[in-house]
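In: please find the sequence and the predicted model below.
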Amino acid sequence: MTHNSFYHIGFGRDDLGSHPPTLALLSGDPERARLIAQEHLQDVRRLSENRGLNSYVGSLPNGRPVLSATSGMGAPSLSIVVNELVQVGIRQIIRIGTCGSIQPYVPVGALVISNGALCRQGAANDLAPIEYPAVADPFLTVALVKAAEELEVEHYLGITASVDTFYEGQERTDSANPYLMRSLQGITEEYRRLNVLNYEMECGTLFKMAGVYNFAAACVCAVVAQRTVDEKVILEQKDVAVKNVIAVALRAATSLIQ
Ligand SMILES: O=P(O)(O)O[C@H]1O[C@H](CO)[C@@H](O)[C@H]1O
Ligand SMILES: O=c1cc[nH]c(=O)[nH]1
C-alpha cells in the first residue's frame with residue numbers, strides 16, 4: 001500500500017506498475033476475486049484485502065494486464081469501489097456475478113448477460129435522474145455473448161432487475177421479515193411478464209456510473225436460484241455455474257481489442 005492509496009480499495013496508481021491495467025473483472029464476492037486472480041491470471045500480485053474488498057493485479061493469457069477486484073454486495077459498496085477504480089485508471093469493467101432467474105426457461109447453471117437493467121437502486125439516484133438509462137456497453141456485451149457461444153455455455157441475453165435487497169426487494173417471503181410490503185407483492189410476476197430475466201444487486205448502478213463517468217461496463221451472472229420454482233440458492237450447482245461464468249468472462253476479456 002502506498003501513501004496515495006485510495007481509502008476503500010486500499011491501493012493507488014503507484015501500486016499498479018509501469019503497465020497499469022485499464023480493465024477490471026469485478027466480483028461481488030471477495031473469494032471469487034481471489035479465485036479468478038490466483039487460478040486464472042498470470043504474474044499475479046495481491047494489491048489489498050482492505051474491508052474484504054480483495055484486489056489483485058495480473059495478466060490475461062494474451063499478456064494484457066487486468067485487475068480482479070471486489071465490489072462487495074449491493075450498489076452503495078459497488079459505487080465506492082467503482083469510483084476509486086476509475087480514479088486509478090480503469091476504463092472497462094466486467095461484472096462477474098451470481099443471480100436469481102425469474103424466467104422458467106432460464107435454468108440454474110445457465111448465464112445471464114445483461115444488455116440493460118431495470119435499476120431500482122437508491123445509490124443510482126445520487127448519480128443521475130431516475131430516468132437515466134442503465135445500459136451495458138455493446139462491445140463488451142457482444143464479447144461476452146461470443147465467448148459463451150464459443151465455450152458452449154448456456155446463456156441468455158436480456159434485461160436484469162437490479163435491486164437493493166436480496167430478501168424484500170426480490171420478493172422473498174421465507175425471511176426474518178414477517179411482512180412484505182404490498183408494493184412488492186407480485187413484483188416478480190410483473191417483471192417476468194415484462195421480459196426481465198433475473199435479479200441481482202449491482203449492475204444497474206454500474207451501468208449508470210459507466211454512462212455518467214464515461215467508461216465501459218458489462219455484466220454476466222451465473223444463475224444460482226430459480227425463482228419461478230423456489231426462493232433458495234441451489235448450492236449443489238453453484239460451483240459449476242461460477243466456474244462457467246468466470247471462463248466466459250475471461251475469454252471475453254482476452255478477446256477485446258484494447
Ligand atoms: O455473487 P455476487 O457478485 O455478490 O452477486 C449477487 O450475490 C449477492 C447476493 O447473494 C449480491 O451481491 C448479488 O448481486
Ligand atoms: O436470487 C439471487 C441469487 C443471487 N443473487 C441475487 O441477488 N439473487
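Out: Happy to help now that I have it. Ligands and ions are numbered 1, 2, ... in the order given.
In: compute the number of surrounding residues for residue 62.
Out: 10 (other C-beta atoms under 10 Å). Where you see a C-beta, it was placed from the backbone N, CA and C, and this is true even at glycine.
In: what are the phi and psi values for it?
Out: phi -90, psi 10 (degrees, to the nearest 10).
In: quick one: the helices in this structure?
Out: 30-40, 75-87, 138-150, 187-193, 203-213, 235-255 (DSSP state H).
In: quick one: closest of those to ligand 1.
Out: Closest of these to ligand 1 is helix 30-40, at 6.8 Å (criterion: C-beta to the nearest ligand atom).
In: distance between the closest one and the chain's centre?
Out: 14 Å (C-alpha atoms, centre = their mean, to the nearest Å).
In: try stretch 119-128
Out: That offset, for stretch 119-128, works out to 16 Å (C-alpha atoms, centre = their mean).
In: quick check: mean pLDDT across that stretch?
Out: For stretch 119-128, mean pLDDT is 98.
In: please produce CSV containing the helices of the chain, extended by mean pLDDT, mean neighbour count and distance to ligand 2.
Out: Formatted as CSV, the helices of the chain follow (pLDDT from 0 to 100; neighbours: other C-beta atoms under 10 Å; distance: least, C-beta to the nearest ligand atom, whole Å):
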stretch, mean pLDDT, mean neighbour count, distance to ligand 2
helix 30-40, 98, 18, 12
helix 75-87, 98, 21, 12
helix 138-150, 98, 19, 18
helix 187-193, 98, 16, 10
helix 203-213, 99, 24, 10
helix 235-255, 98, 19, 9
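In: distance check, residue 153 against ligand 2.
Out: 18 Å (C-beta to the nearest ligand atom, to the nearest Å).
In: meant to ask about residue 12
Out: Residue 12 is 31 Å from ligand 2, by C-beta to the nearest ligand atom.
In: how close does the closest residue to that residue other than its chain neighbours get to ligand 2?
Out: Once flanking residues are discounted, residue 12 sits nearest to residue 4: 4.1 Å by C-beta to C-beta, 6 or more residues apart in numbering. Distance, residue 4 to ligand 2, by C-beta to the nearest ligand atom: 34 Å.
In: burial of residue 4, as a residue count?
Out: Count around residue 4 with other C-beta under 10 Å applied: 11.
In: and it, what does it touch?
Out: 12-14 (C-beta atoms under 8 Å, 6 or more residues apart in numbering).
In: just to revisit the earlier point, save the helices of the chain as TSV, and put in distance to ligand 1 too.
Out: Shown next, in TSV, are the helices of the chain (distance: least, C-beta to the nearest ligand atom, whole Å):
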stretch	distance to ligand 1
helix 30-40	7
helix 75-87	8
helix 138-150	15
helix 187-193	15
helix 203-213	8
helix 235-255	8
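In: residue 227 is nearest to which of those?
Out: Closest to residue 227 of these, according to C-beta to C-beta: helix 187-193, at 6.0 Å.
In: run through who's touching that closest one.
Out: 102-103, 118, 161, 170-171, 199, 227-228.
In: then that helix to PDB, C-alphas only?
Out: Listed next in PDB are the C-alpha coordinates belonging to helix 187-193 (Å, rounded to 0.1, in the frame of the first residue of the first chain):
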ATOM      1  CA  ILE A 187     -43.400  -7.700  -8.400                       C
ATOM      2  CA  THR A 188     -41.500 -10.700  -9.600                       C
ATOM      3  CA  GLU A 189     -44.500 -11.800 -11.700                       C
ATOM      4  CA  GLU A 190     -44.800  -8.300 -13.100                       C
ATOM      5  CA  TYR A 191     -41.100  -8.300 -14.100                       C
ATOM      6  CA  ARG A 192     -41.400 -11.800 -15.500                       C
ATOM      7  CA  ARG A 193     -44.200 -10.600 -17.800                       C
END
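In: give the burial count for whichever residue of the chain sits closest to ligand 2, as a bare number.
Out: In the chain, the residue that lies nearest ligand 2 is residue 100 (2.3 Å; C-beta to the nearest ligand atom). For residue 100, the count of nearby residues is 26 (other C-beta under 10 Å).
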